[in-house]
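*Asks:* just need the structure, nothing else, for what follows:
(one chain, ligands or ions: 1)
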Amino acid sequence: MGRQGGNNESSISFAAVLAGLFFVVALYCATDPFKHSAIADFPDFETYYVELPSWSEIPTERDSDNLLQKSKIMFKDEVQGPESVAFDPQGRGPYTGVADGRVLFWTGQSWTDFAYTSSNRSEICDPKPSILSYSKNEHICGRPLGLRFDKKTGYLYIADAYFGLMKVGPEGGLATSVSTEAEGVPFKFTNDLDLDDEGNVYFTDTSTKYSRRNFLQVVFSAENTGRVLKYNAATGETTVLVRDVYFPNGLSLTKDGSFFVFCEGGKGRLRKYWLKGEKAGTTENFALLPGFPDNIRTNDKGDFWVAIHSRHSTLASLEAEYPRLRKFLLKLPISAKLQFLLHIGGRPHAVVVKYSAEGKLLQILEDSQGKVVRAVSEVEEKDGKLWIGSVLMSFVAVYDLH
Ligand SMILES: *[C@@H]1O[C@H](CO)[C@@H](O)[C@H](O)[C@H]1NC(C)=O
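*Replies:* So this is what the prediction gives:
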């Protein structure tokens, strides 16, 4: 009896401690007195419900050999945060946009400055030891993300996260503005683009609320102000093709130009937008991905390579379904960086997938431990090699397909 009584007492005090602890955490979360949480600086931050594909629909294929670990690391510490990797119409390059706002060109021997998007560059844009230290000045120095050459004119089109859609001639230098707004709403986070044969540009603006440096807030909020747009080369007008998209990201035309595919980052799927034929102007699902995508590029055969920055995880699914739980977790004194790491499954993990033009999964390559390729933003296939860039890496990884 005595022992049992003791147990009762300790369980009562345990319950009291738990209740007290809960009260303190709840109070902390309600007020965040030390402004430690990931959303402390965003008083208007709101979380929304996300309808993710069900687990049974998500592809389960894995690359158990972790083939991406066979990639060769190139240009280590010579390029910081190379998101997009492009070759010019003569096949020279690559060209890539880096964290300090420049577009660099690999001559075959060395990297040279090719272009930049900001007319107001100063020493604040100088190279820094860490990729993350650039974000403070991105709105001044520029941040080129998606790159594409117009094969006819040789112009390079740039989706700059802060300055909108831009272009620069084959001689390089300061890029000029092509488009900065649609329907009177300025772009806030221009992300990727592609061109058709007439020189029209299709591109994405990830959010009209948050800029690139706050991409975690877009992810965590699940706000859907993202837009897919068209710049009409003949009229100079920009129109909205698809609105209310949660984190639109990469975009790529199919080889025959009859449709383009864009990444719906927040939902982990690819959407198809018809440009020609009787379905022109309509969208439909193209493929459900094994994770959350970044950029997408077409190879010579017309297949699509998609860069996946993280697989679906149980936590991400729970957070999608329960926005209030997500808000509660975000109010804990955990940094945005750590929240994101938990969200993507605890550690960086590179996945690239190839889909046919019909939306069939053809190939999957991974580095599930993030040993060699920690993250991927884009995959560009050229001459049997995959050129892999990432905003989080200070190198380009090259994977030999043979
Ligand atoms: C130009 O850059 C400086 C910092 O180097 C900044 O203070 C100033 O606001 C910028 N001007 C414009 C027009 O962006």
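*Asks:* could you find the closest non-adjacent residue to residue 247?
*Replies:* Leaving aside its sequence neighbours, residue 247 sits nearest to residue 265 (CB to CB, 6 or more residues apart in numbering; 3.4 Å). In short, each C-beta sits where N, CA and C put it, glycine included.
*Asks:* quick check, the one you found in contact with residue 249.
*Replies:* Yes - counting by CB atoms under 8 Å, residue 265 does reach residue 249; the two are 4.3 Å apart.
*Asks:* what touches both of these two?
*Replies:* Common neighbours of residue 265 and residue 249, using CB atoms under 8 Å, 6 or more residues apart in numbering, are 206, 293, 294.
*Asks:* and the first one, how many neighbours?
*Replies:* I take that to be residue 206. Neighbours of residue 206 under the rule other CB atoms under 10 Å: 29.
*Asks:* looks like it contacts residue 226 (just checking).
*Replies:* Yes - at 5.1 Å, residue 206 counts as touching residue 226 under the criterion of CB under 8 Å.
*Asks:* contact partners for the residue nearest to residue 247?
*Replies:* For residue 265, the contact set (CB under 8 Å, 6+ apart) comprises 206, 219, 246, 247, 248, 249, 292, 293, 294.
*Asks:* and the pLDDT at the fifth one?
*Replies:* In this case it means residue 248. Residue 248 is assigned a predicted lDDT (pLDDT) of 97.
*Asks:* what pairs with it across the strands?
*Replies:* Beta bridges link residue 248 to residue 264, judged by DSSP bridges.
*Asks:* state the number of residues packed around it.
*Replies:* By other CB under 10 Å, 27 other residues sit near residue 248.
*Asks:* residue contacts, it?
*Replies:* Applying CB under 8 Å, 6+ apart, the residues near residue 248 are 191, 204, 205, 206, 226, 227, 228, 242, 262, 263, 264, 265.
*Asks:* looking at these, which one is closest to residue 357?
*Replies:* Closest approach between those and residue 357, by CB to CB: residue 262, at 14.8 Å.
*Asks:* related to what we said a few turns ago, the contacts of residue 248 in strands, which ones?
*Replies:* Within the contacts of residue 248, residues falling in strands by DSSP state E are 191, 204, 205, 226, 227, 228, 242, 262, 263, 264.
*Asks:* wouldn't the second one be in contact with residue 229 here?
*Replies:* Yes - here residue 204 lies in contact with residue 229, judged by CB under 8 Å, at a distance of 7.2 Å.
*Asks:* more neighbours: which of the two?
*Replies:* The neighbour comparison of residue 204 against residue 229 (other CB under 10 Å) goes to residue 204, with 30 against 25.
*Asks:* thinking again about what came up before, please enumerate the shared neighbours of residue 206 and residue 226.
*Replies:* 189, 218, 247, 248.
*Asks:* now what about the host helix or strand of the second one, what contacts it?
*Replies:* If I follow you right, that is residue 218. Element membership for residue 218, per DSSP states H and E: helix 215-221. Outside of helix 215-221, the residues within contact range by CB under 8 Å, 6+ apart are 38-39, 42, 45-48, 189, 206-207, 209-210, 226, 247, 265-266, 319, 326, 330, 336-337, 339-340, 343.
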